[in-house]
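A.B. asks: Sequence and predicted structure, then a few things I'm wondering about:
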Amino acid sequence: MNQVFLIARRELFAYLRSPLGAVIIAGALLMDGLLFYVQGLTEKLVSAEVLQRFIYNATAATMICGLLLSMRLLAEERQTKTLVLLNTSPLKDWQIVLGKYISAMIVMCVLTACTAYLPALILVNGKVSLGHVLVGYSGLLLLGSASVAIGLFGSALAASQIVAAIISAIILGSLLLLWMAAKAVDPPLNRFLSALALHHDNFRPFMLGRLELGSIAYYVAMTYLFLLASIKVLEARRWR
Amino acid sequence: MIEIQELYKYYGDRRAIGPLSLEVAKGEIVGLLGLNGAGKTTTLRVLACDLLPTSGTVKVGGFDVVAAPDEVRARVGYLPDRPPLYEDMSVVEYLAFAARLRRVAAPAVTKRVSEVVEMTELGDVRGQMIGTLSHGYRQRVGIAQAIVHRPEFVVLDEPISGLDPVQIVEMRELVRSLRGDHTVIVSSHILSEISETCDRLLVIEDGRISWVGTEKQLFSELGQGMQLAVTVRGPSADRVLPLVRALAGVQEVEVVAASEPGDDVLTLQISSKSDVRDQVCRALVSADVAVIELVRRQGLESMVLKLLGGDEAAGRRKSRKKRDADQAMVDEAAQASDKQPTEGA
């Protein structure tokens, strides 16, 4: 695991030394702040509804930032030819992928923590439970984790960051829109598609403050699936 | 140390290397020569475990690159044609990172990094960001990362590419300094550099080793001989010519236009079957003749070009390109004809 944390630390330095990390965090905070004001403070709502709307709206910034944070992780290394250093060091491919994933998730956690002042305002001025806030944030982190994994998979496939972002956005967009596709088909296919959708049915419990095992398992499985796919892409490239 | 048997590497349907077999003994410095696209870089990437072979056996230090890649990687230091450098790290940070990746124990990292910084003469830029370094320093950092974990085997792909003459001399000394502690394989387009630094030459052509041997063997096997221009000061041609003609291996000696101004300066052009530079120098100096210049007129380049077929090789590449282009046109035409009925419908 030492090698994993070594790679994660190097990536964290890269986020800190380039404006990328700060710009992404600032952009997410601006987006969350504006949506909080427009959707939560411009009409009369009970505190729980304001919190639900905040958590719902924050998913947009979480997913976009997940992709932006992860698009560079492997594609940039391939672009600048530095992946050779990792490929020719005594490392397993899973160590490379996990190290990169952890670094992006640390930034994602910092980003998510930075938005905590908004639910804190609701907690202080309204009547919501801390549990609801914590469950909502767990959902955001799980969704962020799946987004980072999808972005990392796109980054493993592509040779440039832009292409990586496009591939990841298409995958993420398709998974998001599955709930719409579910509406257009008959049972039991609609239930199957709905269960696969990245947001909607799987995120709603977190938004409402309910911790459901099925939803947690879904996001963990999506993260695992896309990280595994990224590892397999790296392995396949050595044989190509 | 290195054992390759019947190695093949395909990129899709295209054979990049194979069948390729060779052995490199411990402590040797071996030069890999070949034209562009001959398969040099692919061979080195397989040795460094960056790519896996399509078939065949590749063993480094007794470990197979497919069965035990991590063991191989721990024993290999690799400098690709473009050094894998993180521009946002300082030289020492980067070298420490590379050392830790290659399993150098944490307490030993600082000491080892200082050693390689000294060895590669990077002391002046040790705290500088890699992104701000000149090309020469970048190559040095590239070599430093390749040896920071004390690998038994060092693979250098075009280490002098893009360097200025001073940097080439420094790099040549650096590669020579690896002798003894490491087994080194170097590829380069500057063939005279290979002959300066390597014990043995491997000539690769169309993914196969077409010739193995020393520079001396190359000259003698091709029977091409060597052309030397020797400039001396003082004696008359009548005195010098018999001295040189009497040497074993010398085929022809003639007086040509002097390479330097001066009434007492004389330039001789010597054709020989083998490398007679030592003998010529010794004979002239023992006869009290002042040798002021000795230049090899026919270099290793022409030897290797001859070995590789020279114009024939270029012709082969041209015809291969033409064949690929023709095939692409045929494919395009086939696709267009496939499309037409669908569009019409």
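C.D. replies: On my side now, so go ahead.
A.B. asks: Could you see whether chain B lies near stretch A:88-105?
C.D. replies: Yes. Counting by CB under 8 Å from any CB of the partner chain, chain B has neighbours in stretch A:88-105: A:Thr88, A:Ser89, A:Pro90, A:Leu91, A:Lys92. The way it works is simple: take the backbone N, C-alpha and C, and place the C-beta from them, glycine included.
A.B. asks: which ones among those are found in helices?
C.D. replies: Counted as lying in helices by DSSP state H, out of the residues of stretch A:88-105 next to chain B, is not a single one.
A.B. asks: Which PyMOL command selects the buried ones in these?
C.D. replies: Selection of buried members from those for PyMOL, criterion 16 or more other CB atoms under 10 Å in any protein chain shown:
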select buried, chain A and resi 88+89+90+91
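A.B. asks: Leaving out sequence neighbours, find the closest residue to whatever residue of the stretch 101-250 of chain B ends up closest to chain A.
C.D. replies: Taking CB to the nearest CB as the measure, the point where the stretch 101-250 of chain B comes nearest chain A is B:Leu101, at 4.1 Å. Spatial nearest neighbour of B:Leu101, excluding adjacent residues (CB to CB, 6 or more residues apart in numbering or on different chains): A:Ser89 at 4.1 Å.
A.B. asks: So A:Leu83 sits against A:Glu77, correct?
C.D. replies: Yes. In this structure, A:Leu83 is within contact of A:Glu77 by CB atoms under 8 Å, at 4.0 Å.
A.B. asks: How about residue 235: what's its closest non-neighbour residue?
C.D. replies: Unless you meant another one, I'm taking chain A. A:Asp93 (5.3 Å).
A.B. asks: oops, I was thinking of chain B
C.D. replies: B:Val289 (5.3 Å).
A.B. asks: swap in A:Ala195?
C.D. replies: Once flanking residues are discounted, A:Ala195 sits nearest to A:Asp201: 6.7 Å by CB to CB, 6+ apart.
A.B. asks: Count the residues that sit near that neighbour.
C.D. replies: With neighbours defined by other CB atoms under 10 Å in any protein chain shown, the count for A:Asp201 comes to 18.
A.B. asks: got the contact list for it?
C.D. replies: Shown in contact with A:Asp201 (CB atoms under 8 Å, 6 or more residues apart in numbering or on different chains): A:Trp179, A:Ser194, A:Ala195.
A.B. asks: And the contacts of whichever strand or helix holds the second one?
C.D. replies: Put plainly, it is A:Ser194. If you go by DSSP states H and E, A:Ser194 is part of helix A:189-196. Contacts with helix A:189-196, where a contact means CB under 8 Å, 6+ apart, come from A:Leu175, A:Leu178, A:Trp179, A:Ala181, A:Ala182, A:Lys183, A:Val185, A:His200, A:Asp201, A:Asn202, A:Tyr218.
A.B. asks: B:Tyr10 should be in a strand, yeah?
C.D. replies: Yes. The assignment for B:Tyr10 (DSSP: H, G, I helix; E, B strand; the rest coil) places it in a strand.
A.B. asks: That one against B:Ala16, yeah?
C.D. replies: Yes. Between B:Tyr10 and B:Ala16 a contact is recorded at 6.6 Å, counting by CB under 8 Å.
A.B. asks: So between the two, which is more surrounded?
C.D. replies: Higher neighbour count among B:Tyr10 and B:Ala16: B:Ala16, with 22 against 15, using other CB under 10 Å.
A.B. asks: Next up, phi/psi of that one, please.
C.D. replies: phi -90, psi -40 (degrees, to the nearest 10).
A.B. asks: got the contact list for it?
C.D. replies: By CB under 8 Å, 6+ apart, the contact list for B:Ala16 reads B:Lys9, B:Tyr10, B:Gly39, B:Thr42, B:Gly207.
A.B. asks: name the helices or strands packed onto the helix or strand where A:Ala156 lies?
C.D. replies: In the assignment (DSSP H and E), A:Ala156 maps to helix A:130-157. Applying 3 or more CB pairs under 8 Å, 6 or more residues apart in numbering or on different chains; DSSP states H and E, we find helix A:130-157 packed against helix A:47-70, helix A:75-79, helix A:93-114, helix A:117-125, helix A:161-176, helix A:200-208, helix A:213-239.
A.B. asks: returning to what we had before: if you tally nearby residues, what's the number for the residue nearest to B:Pro235?
C.D. replies: Quick note: B:Val289 (other CB under 10 Å) scores 20 neighbours.
A.B. asks: Go ahead and confirm it touches B:Pro242.
C.D. replies: No. Counting by CB under 8 Å, B:Val289 does not reach B:Pro242; the two are 12.0 Å apart.
A.B. asks: Can you check the pLDDT for B:Glu152?
C.D. replies: As predicted, B:Glu152 sits at a pLDDT of 92.
A.B. asks: Please apply the same query to A:Ala236.
C.D. replies: If you check A:Ala236, the pLDDT there is 91.
A.B. asks: swap in the one 4 residues further on?
C.D. replies: Looking at A:Arg240, its pLDDT stands at 76.
A.B. asks: quick one: it from B:Leu122, how far?
C.D. replies: Counting by CB to CB, to the nearest Å, the separation of A:Arg240 from B:Leu122 is 35 Å.
A.B. asks: Which one's more surrounded, these two?
C.D. replies: The residue with more neighbours, out of A:Arg240 and B:Leu122, is B:Leu122; 21 against 10, by other CB under 10 Å.
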